[in-house]
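Chemist: Pasted the sequence and its predicted model underneath.
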Amino acid sequence: MENCIFCKIIKGEIPAAKVYESDKFLAFLDISPCNKGHTLIIPKEHYVSLNEIPNEDGKEFGELQIKLAKSVMEATNAGGFNLLLNDGKVAGQEVMHAHLHIQPRFNTDEFSYKWTHTKYEEGEIQKFQDKIKEFLQ
Ligand code: 5GP
Ligand code: ZN
């Protein structure tokens, strides 16, 4: 993708502080981090959404999340971390090349995730349960 900033990083056309690279995935530091050590994992294919990542690449992607979250925690002495994936404009995705954020967290940091809570009507939770299970098959 010609104008994709992450594709340019993959091709080496713009610099990035890379921490992991394989045939399928790349991880590098976010240029404008929420906390220092904030890392992004991206597929090397230009997929816009997580949903486009093929099943067979899921194992490496999953294992990489676990390994990198641990490494980021150890490297930054963080007390915890958030994994965040903004998928779609409506969800706050700004760079339209799928990416997972690993955000180290500290007692002293000044950001938080706040969302409003909604409620299920009587019997509604089961409908959602059944529908999600149906689509999983
Ligand atoms: P989004 O809001 O799409 O989930 O997050 C995009 C992230 O990409 C942001 O946290 C932003 O700081 C990061 N980012 C945008 N452009 C660049 C860049 O050129 N290099 C790096 N390393 N990170 C970038
Ligand atoms: Zn791209």
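Modeler: Thanks, I have the structure now. Ligands and ions are numbered 1, 2, ... in the order given.
Chemist: quick one: low-confidence parts of this protein?
Modeler: With pLDDT under 70 as the threshold, the chain has no low-confidence stretch at all.
Chemist: can we see that at 80?
Modeler: Along the chain, the model assigns pLDDT under 80 to residues 1.
Chemist: Can you give me the distance of the residue nearest the centre of it to ligand 1?
Modeler: For the chain, the residue nearest the mean C-alpha position is L100 (1.3 Å; CA atoms, centre = their mean). Distance of L100 to ligand 1, given as CB to the nearest ligand atom, to the nearest Å: 9 Å. Yep, even glycine has a C-beta here, placed from its N, CA and C like the rest.
Chemist: isn't that residue right next to N86, touching?
Modeler: No. Contact criterion CB atoms under 8 Å: L100 and N86 do not qualify, at 9.5 Å.
Chemist: on that earlier part again, could you measure from the residue nearest to the centre of the chain over to ligand 2?
Modeler: Remark: distance between L100 and ligand 2 (CB to the ion, to the nearest Å) = 14 Å.
Chemist: Over to that residue: give its phi and psi.
Modeler: Its backbone dihedrals place L100 at phi -110, psi 130, with angles given as degrees, to the nearest 10.
Chemist: Residue numbering should commence at 34 henceforth.
Modeler: Happy to do that; since the first residue is 34 now, the last one works out to L133.
Chemist: mind listing what it touches?
Modeler: Applying CB atoms under 8 Å, 6 or more residues apart in numbering, one finds that L133 lies in contact with 73-75, 83, 98, 116-118.
Chemist: Alright, that wraps it up for me.
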